[in-house]
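[1] return a 3D structure for these sequence lines:
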Amino acid sequence: MSSYIEVTFINNVFIMMLSLVLAHYLLLDRMSRRTMLHYTFAISLLAVLCWSSFSPLLMLGAEILSCIFWFKLHIKVFALAYSLRLLFSLTCYVLYGGSFHLLIYFVPIGTYAILYFWVIAGIALIACLRKWKYYITQAQYIYETELYTKQKKFHIYGYLDSGNVLTYHEIPIIFAVSRFYEYFKNENIELVVMNTMNQTSSIRVYPCELQVRGCEKQPAYICFDRQGIIPMHCECLLNLHVLTR
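    You can find the predicted model right below:
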């Protein structure tokens, strides 16, 4: 069965993106759009360009590496997304015919009706990314946040840590991943004493501004000293006072 590589690539991008978004929302998990696009484009390109006898092994290796590095070993999300991808691909196969290569559906030449599927998939993606995402993320204590530095503004996702009520001069302190540190390394440093159940320690904080979706812009301090794993692939741990000020 003959197929256009370009059409198959576009179709698989729609199928994989829709599968990823639905899987993450159904399981109340989150993956950044950039990571979704990286995974989608990598697998789609490999499927349409790799035709050697080693192709199945290459695809298997790519999927395993994706599960480790992009999905962070979230096996349930990966398995559900893969299952939805196969379901959508089989649906297209039943409706339009075609063929499979490396478990990727190839659209037969002259199948103009595939445009209807693209329109429906596009509408579903927009609806999920614009509306459903907001309610699901709030149910998981995830908030869209704008982080302001002197150089630029970042659109990030913050995880609300109800145990974080640390303040300095009545200004809330948040904890962020280290990739933002370079924008603060020349700022004035404040040392804050932090008391925990096990010990008392000093942490370095830097002034910034923060705006959580639905709240007003407000001053905050940001800390990079605690480099643990932030839940749900978020970039910072929000302070409870950020939502109550």
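[2] from the chain's centroid, how far away is the longest strand along the chain?
    In the chain, assigned by DSSP state E, the strand with the most residues is strand 200-212. With CA atoms, centre = their mean, to the nearest Å as the basis, strand 200-212 stands 24 Å off its chain's centre.
[3] which helices and strands does it pack with?
    strand 142-148, strand 171-176, strand 190-195, strand 218-223 (3 or more CB pairs under 8 Å, 6 or more residues apart in numbering; DSSP states H and E). All C-beta atoms are positioned from the backbone trio N, CA, C, and that covers glycine.
[4] send me the longest one as CSV with only the CA atoms.
    What follows is strand 142-148 as a C-alpha-only set of coordinates in CSV (Å, rounded to 0.1, in the frame of the first residue of the first chain):
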residue,chain,number,x,y,z
ILE,A,142,-0.7,22.5,40.0
TYR,A,143,-1.0,26.2,39.1
GLU,A,144,0.1,28.1,36.0
THR,A,145,2.5,30.7,37.2
GLU,A,146,4.4,33.7,35.8
LEU,A,147,7.9,34.1,37.2
TYR,A,148,9.4,37.6,36.7
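[5] quick check, pLDDT for residue 110.
    Residue 110 is assigned a pLDDT of 87 by the prediction.
[6] helix, strand, or coil at it?
    Here residue 110 is coil, with the state taken from DSSP: H, G, I helix; E, B strand; the rest coil.
[7] ditto for residue 128
    Assignment for residue 128 (three-state DSSP): helix.
[8] give me phi/psi at the residue lying closest to it once chain neighbours are set aside?
    Leaving aside its sequence neighbours, residue 128 sits nearest to residue 21 (CB to CB, 6 or more residues apart in numbering; 4.8 Å). Torsion angles at residue 21 (phi, psi; degrees, to the nearest 10) stand at phi -60, psi -50.
[9] re earlier: what's the average pLDDT for the longest strand of the chain?
    90.
[10] again with stretch 97-106
    Average pLDDT, stretch 97-106: 93.
[11] end to end, how far does it reach?
    Start-to-end span of stretch 97-106 (CA to CA, to the nearest Å) is 9 Å.
[12] do stretch 226-241 as well
    Stretch 226-241 has an end-to-end distance of 19 Å (criterion: CA to CA).
[13] can you list contacts of that stretch?
    Residues outside stretch 226-241 that contact it (CB atoms under 8 Å, 6 or more residues apart in numbering): 29-32, 35, 72, 140, 142-143, 145, 147, 154, 156-162, 164-167, 172-180, 203, 212, 220, 222.
[14] so what's the nearest residue in space to residue 111 that is not next to it in sequence up against?
    Closest residue in space to residue 111, ignoring its immediate chain neighbours: residue 96 at 4.8 Å, by CB to CB, 6+ apart. Applying CB under 8 Å, 6+ apart, we find residue 96 in contact with 107-108, 111, 113-114.
[15] same check on residue 15?
    With CB under 8 Å, 6+ apart, residue 15 has these contacts: 85, 88-89, 92, 105, 121.
[16] which ones among those are found in helices?
    With DSSP state H as the criterion, helices contain 85, 88-89, 92, 121 from among the contacts of residue 15.
[17] the spatially closest residue to residue 208 that is not a sequence neighbour: neighbour count?
    Computed as CB to CB, 6+ apart, the closest residue to residue 208 that is not its neighbour in sequence is residue 222, at 4.8 Å. Residues lying near residue 222 (other CB atoms under 10 Å) number 23.
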